[in-house]
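Engineer: this is a predicted model, with the sequence first.
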Amino acid sequence: MERVIFWNNKGGTGKTTLAFQVLSEYARQNSDKKILVIDVCPQANLSELLLGGLNQGGSDILLMRQGANPRATIGGYFQMRLPAPYSAPHFNPKDYLTKPSQYNQYIEDNIDLLCGDAMLELQSNAISTLANNQIPGTNTWVAIINWLNDFIKPIENEYDIVFLDANPSFSMYTQIAIATSTKVVLPVMADDSSRRAIQNAFSLIYGLKLPSEIYSKYAFAEKLEEVDMTLPKVYMVLKNRLTQYVVAASAYATVLKEIDKDLVSLLETYPNIFAFSSLGKGIIDVRDFQTTGVVSSARGCPFQCLKAGRLDLMGKRVAVKEEYRQNCIENVQKIVTRMNKDL
């Protein structure tokens, strides 16, 4: 079963918006498949979108799920693990899951969600401490890094694919999410900070180009390889929000070309960490969703379900043009078409 994570250690690349649109369209096109979504982000933005966005009270619904017994979020699951962190407990994963379609009419009913939770930030230090404990005969780091694998294992036969969304960090909970994944979707933008973020991502996940050998034995990749756990492969690089970078001679175009050069060099030197063999197979251009994206997110409504025209957005009337909506749909479908071939 493929487990696809949307991640970049730089914020503002449109990662969560892309995850919401892509997984929603994938679910629509593959109604015969069961999809598990895991929101590994303290901000829980993906959860709020799936539960209805601003217009449909997604935040209030998330709070309600946090108040369930047990707390129906990833934070609730992690909280259950804290007292006995190094052995897989007897539990029912479904106690922690939410079906977004019960709250949001625009979401397909083949999606189940493990909600995000601000509690992750509170838990982060405790989880890191537990992972670094020294206990004879126990690899504490591996036990912690497998927490989400432990969650999925009892129900893995019930799902065809898992989508994960992680925040722009490399906290312990992010490492748990990445270690659970088989493929990484890396959204980037045409700026120098995105270029550096790509380089940082490859250092953090794969241990490439570390500033000193002293870091090697502590590297995420090294720790996984020591216990024969498989690193996820880079599956797609999404060049996001390109509408504002269309002038070929602009400084932005230069950065995009430099990003391509960096990726070509990595492909040639480390082909084993990629799920594609050439840039044409791994890079997808995504134009800015602009107002259509804002309205879609606020309403918790994927592009395919969104109507063109003047729509209510928190008491204000906002215009969504059909031409722009169709452009957004086409951009998302390019990504999903690639996924349908591979997953």
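Structural biologist: Thanks, I have it.
Engineer: disregarding residues adjacent in the polypeptide, which is nearest to Lys239?
Structural biologist: Closest residue to Lys239 apart from its sequence neighbours, by C-beta to C-beta, 6 or more residues apart in numbering: Asp285 at 5.0 Å. Heads up, the C-betas are built off the backbone N, CA and C, glycines and all.
Engineer: partners of the residue sitting nearest the centre point of the chain in the sheet?
Structural biologist: The residue lying closest to the centre of the chain (C-alpha atoms, centre = their mean) is Asp165, at 2.3 Å. Counting by DSSP bridges, Asp165 is bridged to Phe6, Asp39.
Engineer: wait, what's in contact with it?
Structural biologist: 5-7, 15-16, 19, 37-41, 46, 116 (C-beta atoms under 8 Å, 6 or more residues apart in numbering).
Engineer: contacts only, for the closest residue to Gln123 other than its chain neighbours.
Structural biologist: The shortest distance from Gln123 to any non-neighbouring residue, by C-beta to C-beta, 6+ apart, is to Phe78 (5.3 Å). Residues near Phe78 by C-beta under 8 Å, 6+ apart: 119-120, 123, 127, 147, 173.
Engineer: which strand or helix spans Phe78?
Structural biologist: Phe78 is located in helix 74-81, with elements delineated by DSSP states H and E.
Engineer: likewise for Val185?
Structural biologist: Following DSSP H and E, one finds Val185 within strand 183-188.
Engineer: for that strand, enumerate the helices and strands it packs against.
Structural biologist: On a contact count with 3 or more C-beta pairs under 8 Å, 6 or more residues apart in numbering; DSSP states H and E, strand 183-188 meets strand 2-6, helix 15-29, helix 192-206, strand 233-239.
Engineer: which of those comes out lowest on mean pLDDT?
Structural biologist: Between those, the lowest average pLDDT goes to helix 192-206, which shows a mean of 84.
Engineer: return the set of buried residues in that one.
Structural biologist: For helix 192-206, burial by neighbour count (16 or more other C-beta atoms under 10 Å) applies to 194-195, 197-198, 200-206.
Engineer: okay, angle between that helix and strand 233-239 too, please.
Structural biologist: Taking axes from the mean of the first three to the mean of the last three C-alpha atoms, to 10 degrees, one finds helix 192-206 and strand 233-239 inclined to each other by 170 degrees.
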